[in-house]
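**Q** Sharing a model prediction with you, sequence too.
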Amino acid sequence: MVTHSSPLWSPSFHPRRSSVRARSLLVAASAFLFLPLASCLGGADAGSASSASSAGGVAQATAGSGSVAAQNPLGGHGSTGAGGFNQQTIPIVSYPEDRWIRLEREIWFLDLDGTQRGVRDQLLSDGNGNVRLDLLQVWDDASGAWVAPDAAEVTNYLRESDWNVRHRELHLGREVALQSNYTWSSIGGISVAGRSTSGTLAENRYGMGDVALYHDDNDGGLLLAWSITDPTTGQTLVSLTTTVIELQPDLNGVSWPQDASQLVPYDAQQHIPLLGIRPVPPSYLPPGSYIEGTWLSTPVIAGAPSQYAHVQVCSDGLRSLLIVQYRDDTLGGTNLTLPVGIAVRLLEDWEVVVKGNRDVRVFSTQGTFPELDMELVAAGLVE
């Protein structure tokens, strides 16, 4: 069965567009970053994330707020209490990557200069851990129409399938963080791909933007749409809407993306010699966020544009933040004065990216937190 719907957000509501900037950033950002790391993160064993989090984990608002049993940081929240916080009704949701399913989605997001960009993609999942994301169309500002993406855009999008689905997209993480960082309330549902959904609003306690979730409670809370709102302007920063749902599609002949890297729990004594650098622990994380896991990314495909890197994934219970540090012998110089070490700021698809270096140690951060917080995280890595 295939069902269809319209997106939460359409270009007709947003007259400010820039064709050249929108399409060039899709390629430039992907080329500049250490992208194979992102694609490999979804393949890490869920248990390794919890066990690795002790290697330099940082918590802010969640610290001391009660014990939480070890959980899959990407999965749904559990029933564990949140210490001194009043228990709120947090929805039980499930995710497409855990189903045998095909979805088409439409994603709209604000660029750093305030222009809107849009992409349409297809998600394939066999329900056994294999996922594939294909970029179908991008919004062309000049013609006011959807057009086919170029080859580089398609390749980069596919390469990041696991990261996009399992980390970049919203997932409910640890309950203690969900309770302490957000207030939860029911809002009106919408029709998504022919399905009636329930709506839930998560309002950030630190003024970092609110999140709306739309889930099908008649199908295990399947998350079908969501949006993040700017805390100061009220504008929608990013919205994802499922437009087509096909259950149990024919996946014969589907080629599942192969990770260019693999992750192992980080061990400083063993891994610093491989890295050739001493990673700097973050001195700042956005309010309420915590480190879910720390890994060494190891190259596994001969000839792939990959190298050893120190990888950390952080979350505030809903949003994700990736911190990567690695060695680049082509770089030099010491940036001691902040924020001199911040060399480049991009928008990688719909995530803010800040990148810099000190001598040969390169550091980058990317995530859906406010731009200022992303800059502060990167500045704290200059040392």
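**A** Arrived safely, thanks for sending.

**Q** Run through the helices of the stretch 251-383 of the chain in chain order.
**A** In the stretch 251-383 of the chain, the helices defined using DSSP state H, counting those that start in this stretch lie at 268-275, 371-379.

**Q** got the CA positions of the last one in PDB?
**A** These are the backbone C-alpha positions of helix 371-379, laid out as PDB (Å, rounded to 0.1, in the frame of the first residue of the first chain):
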ATOM      1  CA  GLU A 371      24.600  28.700  15.500                       C
ATOM      2  CA  LEU A 372      26.100  30.500  18.500                       C
ATOM      3  CA  ASP A 373      26.300  27.300  20.600                       C
ATOM      4  CA  MET A 374      27.900  25.500  17.700                       C
ATOM      5  CA  GLU A 375      30.600  28.200  17.500                       C
ATOM      6  CA  LEU A 376      31.200  28.000  21.300                       C
ATOM      7  CA  VAL A 377      31.600  24.300  21.100                       C
ATOM      8  CA  ALA A 378      34.200  24.700  18.300                       C
ATOM      9  CA  ALA A 379      36.000  27.500  20.200                       C
END
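
**Q** List the buried residues for stretch 374-383?
**A** Neighbour counts over stretch 374-383 (16 or more other CB atoms under 10 Å) mark 374-382 as buried. The way it works is simple: take the backbone N, C-alpha and C, and place the C-beta from them, glycine included.

**Q** just stretch 179-189 next, same as before
**A** Neighbour-count burial for stretch 179-189, with 16+ other CB under 10 Å as criterion, is recorded at 179-182, 184, 189.

**Q** how long is that stretch from one end to the other?
**A** One end of stretch 179-189 to the other measures 22 Å (CA to CA, to the nearest Å).

**Q** could I get the buried residues of stretch 374-383 as a markdown table with distance to H271 and pLDDT?
**A** Formatted as a markdown table, the buried residues of stretch 374-383 follow (distance: CB to CB, whole Å; pLDDT from 0 to 100):
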| residue | distance to H271 | pLDDT |
| --- | --- | --- |
| M374 | 26 | 86 |
| E375 | 28 | 86 |
| L376 | 26 | 89 |
| V377 | 22 | 91 |
| A378 | 22 | 89 |
| A379 | 25 | 86 |
| G380 | 21 | 89 |
| L381 | 17 | 90 |
| V382 | 22 | 84 |
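
**Q** related to what we said a few turns ago, let's have the helices of the stretch 251-383 of the chain in TSV, adding distance to L213.
**A** Converted to TSV, the helices of the stretch 251-383 of the chain look like this (distance: least, CB to CB, whole Å):
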stretch	distance to L213
helix 268-275	37
helix 371-379	22
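
**Q** what's the closest of these to V147?
**A** Ranking these by distance to V147, with CB to CB as the measure, places helix 371-379 first at 28.2 Å.

**Q** What about the buried residues of stretch 179-189, which are in strands?
**A** Counted as lying in strands by DSSP state E, out of the buried residues of stretch 179-189, are 182, 184.

**Q** With distance to A151 added, can I get the buried residues of stretch 179-189 in CSV?
**A** Formatted as CSV, those follow (distance: CB to CB, whole Å):
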residue, distance to A151
Q179, 45
S180, 45
N181, 40
Y182, 40
W184, 43
G189, 39
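
**Q** Pick the one among the buried residues of stretch 179-189 closest to D141.
**A** Taking CB to CB as the measure, G189 is the one of these closest to D141, at 31.8 Å.

**Q** who's in contact with the closest one?
**A** 196-199, 214 (CB atoms under 8 Å, 6 or more residues apart in numbering).

**Q** Tell me which of the helices of the stretch 251-383 of the chain lies nearest to G288.
**A** Short answer: helix 371-379, nearest of the helices of the stretch 251-383 of the chain by CB to CB, at 10.9 Å.

**Q** how many neighbours does D98 have?
**A** For D98, the count of nearby residues is 16 (other CB atoms under 10 Å).

**Q** Roughly how far does the spatially closest residue to H271 that is not a sequence neighbour sit from L222?
**A** Leaving out its chain neighbours, the residue that sits closest to H271 by CB to CB, 6 or more residues apart in numbering is L296, at 4.5 Å. For L296, the distance to L222 (CB to CB, to the nearest Å) stands at 34 Å.

**Q** which residues does S364 contact?
**A** S364 is in contact with 33-34, 322-325, 353-356, 378, counting by CB under 8 Å, 6+ apart.

**Q** And these, which is closest to T89?
**A** Looking across the contacts of S364 and measuring by CB to CB, the closest to T89 is L322, at 30.2 Å.

**Q** correct me, but the closest one touches F369?
**A** No: taking contacts as CB atoms under 8 Å, L322 lies outside contact range of F369: 10.9 Å.

**Q** Quickly list what's touching both of those two.
**A** Shared contacts of L322 and F369 (CB under 8 Å, 6+ apart): none.

**Q** Now do the end-to-end distance for stretch 141-160.
**A** Stretch 141-160 has an end-to-end distance of 25 Å (criterion: CA to CA).

**Q** same question, stretch 140-157
**A** Terminal residues of stretch 140-157 are spaced 17 Å apart (CA to CA).

**Q** What residues sit buried inside it?
**A** Neighbour counts using 16+ other CB under 10 Å place 140-141, 146, 149, 153, 156-157 of stretch 140-157 among the buried residues.

**Q** wouldn't the residue nearest to H271 be in contact with V311 here?
**A** Yes: contact criterion CB under 8 Å: L296 and V311 qualify, at 7.4 Å.

**Q** Common neighbours of those two, please.
**A** Common neighbours of L296 and V311 (CB under 8 Å, 6+ apart) are 263, 266.

**Q** quick one: average confidence on stretch 318-330?
**A** For stretch 318-330, mean pLDDT is 89.

**Q** Please give me every residue in contact with L123.
**A** Residues counted as contacts of L123 (CB under 8 Å, 6+ apart) are 96-97, 101-105, 131-133, 165.

**Q** Please repeat the previous calculation with a cut-off of 6 Å.
**A** L123 sits next to 96, 103, 133 when contact means CB atoms under 6 Å, 6 or more residues apart in numbering.
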